[in-house]
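Q: give me a 3D structure for the following:
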Amino acid sequence: MERRFILVCVLILCVSSVQVLGEYHQEGKHHDLKEKVTHLHFYLHDILSGDNPSAVLVAQSNRTSKDSKSATPFGSVYAIDDPLTEGPEPTSKVIGNAQGTYVSTGRDKLSLVMSVDFGFTIGKFNGSSISVLSRNPVTEGHRELAVVGGRGKFRLARGFAKLRTHYLNVTNGDAIIEYKVTVYHY
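A: As a prediction, this is how the structure comes out:
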């Protein structure tokens, strides 16, 4: 009798487990999705100076020298809402914005770690974005960042962005950066 009771309890537990999995798990039909490759080319305007900056200092290390000549001294954290444009001119057509943060992580050379969402506001990719989380060694002429995700038309994105500094004011930190991005997505 006791064995039957234990067997019935085990069977009830097994059956209830299957039902729970059945409610919360569903196999998707992803075989019809085809991976796409999209190439993007735009310019980011990172403005730290003036009355209407697109990047602002939100935290700074108390150990960073006040005499630092860098516009972005080691340990500085910036919040950004930088415009993205078709061309390098500030008057060029705005196609979106880059929102996120970057931290100045280089003690001897200007290097940033960026966590930024590049959102597009016009055209075919309106409402879509790509996300970057990567190290940006600013003093190198050509550099590469990792695309780690996206949303909208760039859902499940991965890829890379090749950067080149088009303009840099070393006194105030204002910069215009050319982005050539290769995105793999579904």
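Q: which residues in this structure form helices?
A: Secondary structure of the chain, counting by DSSP state H: helices at 2-24.
Q: tell me where it has strands.
A: Along the chain, the stretches classed as strands by DSSP state E are 36-46, 55-59, 77-85, 94-104, 112-120, 129-136, 142-151, 158-168, 175-185.
Q: adding mean neighbour count and mean pLDDT, write those out as JSON lines.
A: Quick note: C-beta positions are derived from backbone N, CA and C, even for glycine. Converted to JSON lines, these look like this (neighbours: other Cβ atoms under 10 Å; pLDDT from 0 to 100):
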{"stretch": "strand 36-46", "mean neighbour count": "18", "mean pLDDT": "98"}
{"stretch": "strand 55-59", "mean neighbour count": "14", "mean pLDDT": "96"}
{"stretch": "strand 77-85", "mean neighbour count": "19", "mean pLDDT": "98"}
{"stretch": "strand 94-104", "mean neighbour count": "20", "mean pLDDT": "97"}
{"stretch": "strand 112-120", "mean neighbour count": "20", "mean pLDDT": "97"}
{"stretch": "strand 129-136", "mean neighbour count": "20", "mean pLDDT": "97"}
{"stretch": "strand 142-151", "mean neighbour count": "17", "mean pLDDT": "97"}
{"stretch": "strand 158-168", "mean neighbour count": "17", "mean pLDDT": "97"}
{"stretch": "strand 175-185", "mean neighbour count": "19", "mean pLDDT": "97"}
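Q: using CSV, write down the CA coordinates of stretch 42-62.
A: In CSV, the C-alpha atoms belonging to stretch 42-62 read as follows (Å, rounded to 0.1, in the frame of the first residue of the first chain):
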residue,chain,number,x,y,z
PHE,A,42,27.0,58.0,-40.6
TYR,A,43,28.7,60.6,-38.4
LEU,A,44,28.4,61.1,-34.7
HIS,A,45,28.7,64.6,-33.2
ASP,A,46,30.0,64.5,-29.6
ILE,A,47,29.9,68.0,-28.3
LEU,A,48,31.2,68.7,-24.8
SER,A,49,31.4,72.5,-25.1
GLY,A,50,29.0,75.4,-25.4
ASP,A,51,25.5,76.1,-24.0
ASN,A,52,23.9,73.0,-25.5
PRO,A,53,26.4,70.1,-25.2
SER,A,54,25.4,66.6,-26.3
ALA,A,55,27.7,64.9,-23.8
VAL,A,56,27.8,66.0,-20.2
LEU,A,57,30.1,65.0,-17.3
VAL,A,58,28.0,63.1,-14.7
ALA,A,59,30.8,61.8,-12.4
GLN,A,60,34.5,62.2,-12.0
SER,A,61,37.1,60.5,-9.8
ASN,A,62,38.3,62.6,-6.8
